[in-house]
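Enquirer: A structural model of the following input is requested.
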Amino acid sequence: MDNEKYNIILEACSLKKDLELFAFGDQTIIGERGLNLSGGQKQRFQIARALYHDADIYLLDDPFSVVVAHTGTHLFKECLLGILGSKTVIYVTHQLEFLSSADLILVMKDGRITQTGKYEEIYKSGSDFIELVGSHKKALTVLNFVERKTTLDNLIIGEENDNILCSDKPIEDDEEREPKNCKTEKPTMSEGQLVQEEKREKGRVSLSIYWKYVTAA
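Expert: I've put the predicted structure just below:
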């Protein structure tokens, strides 16, 4: 166990806050196929395991596909360009904003390699790649606008909720409120392990169980 390396990887994969939400931290039991994790958490945990393994060659098949844009950017900078900066990384992606950092790009179309080279070389070649990059940039602009608007709306709603929750007086009261003095509880996933052992009873089956079956039927 290399604690320093372990903590660096947790930070690079944005996992520290996730572990803080688990009642048992990094000792939390995860269910089969990660059933009690979100898609983004699964991706980041898998990347972290791969990084800790410290291999010489990494094959990554669109690993940031289910994480939000800013998290994907953080993972790319900290993991691929940072921790894996001295490794050989073959990276498949549809996120074209990451291509400019690649040493070599292979453009695929209909299962075949149509172009190879660095980002600037391919971009200047006047191929369909320019059109693809242009479309992607437009999509990113729309996405960023929607994300900013959603974040702003959430902040406004959150502020309103804080004012309601932190005030011990009716909403129509015009007196000043002091939300800074309010106490917030730390959220947890559950009071126990996410995966718990099944309970088991010994002895004969009680009549109440048979009665439940009869009445249910």
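
Enquirer: which SS class is Met108?
Expert: The local conformation at Met108, judged by DSSP: H, G, I helix; E, B strand; the rest coil, is strand.

Enquirer: would you mind measuring from it to Asp26?
Expert: 38 Å (Cβ to Cβ, to the nearest Å). For glycine as for every other residue, the C-beta is placed from the backbone atoms N, C-alpha and C.

Enquirer: what about the strands in the chain?
Expert: 57-61, 88-92, 105-109, 112-117 (DSSP state E).

Enquirer: the last one vs strand 105-109, what angle?
Expert: Yep, that's strand 112-117 we're talking about. Relative orientation of strand 112-117 and strand 105-109, computed by axes from the mean of the first three to the mean of the last three Cα atoms, to 10 degrees: 150 degrees.

Enquirer: for strand 112-117, which strands pair with it and how are they oriented?
Expert: strand 105-109 (antiparallel) (DSSP bridges).

Enquirer: and the strand it pairs with, C-alpha only, in CSV?
Expert: Taking Å, rounded to 0.1, in the frame of the first residue of the first chain, the C-alpha atoms of strand 105-109 are listed here in CSV:
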residue,chain,number,x,y,z
ILE,A,105,-4.1,11.1,-34.2
LEU,A,106,-5.7,8.3,-36.3
VAL,A,107,-9.1,9.4,-37.8
MET,A,108,-11.5,6.4,-38.2
LYS,A,109,-14.3,6.3,-40.7
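
Enquirer: mind listing what's buried in it?
Expert: Ile105, Val107 (16 or more other Cβ atoms under 10 Å).

Enquirer: can you give me the helices in this protein?
Expert: Assigned by DSSP state H, the helices in the chain fall at 3-12, 16-21, 39-53, 69-75, 119-123, 128-166, 207-216.

Enquirer: lowest mean pLDDT across these, which one is that?
Expert: Lowest mean pLDDT within those: helix 128-166, a mean of 54.

Enquirer: got the contact list for Ile57?
Expert: Lys87, Thr88, Val89, Ile90 (Cβ atoms under 8 Å, 6 or more residues apart in numbering).

Enquirer: if I look at the closest residue to the first one other than its chain neighbours, how far off is Tyr91?
Expert: In space, and not counting its chain neighbours, Lys87 is closest to Tyr58: 5.9 Å by Cβ to Cβ, 6 or more residues apart in numbering. Separation of Tyr58 from Tyr91 (Cβ to Cβ): 8 Å.
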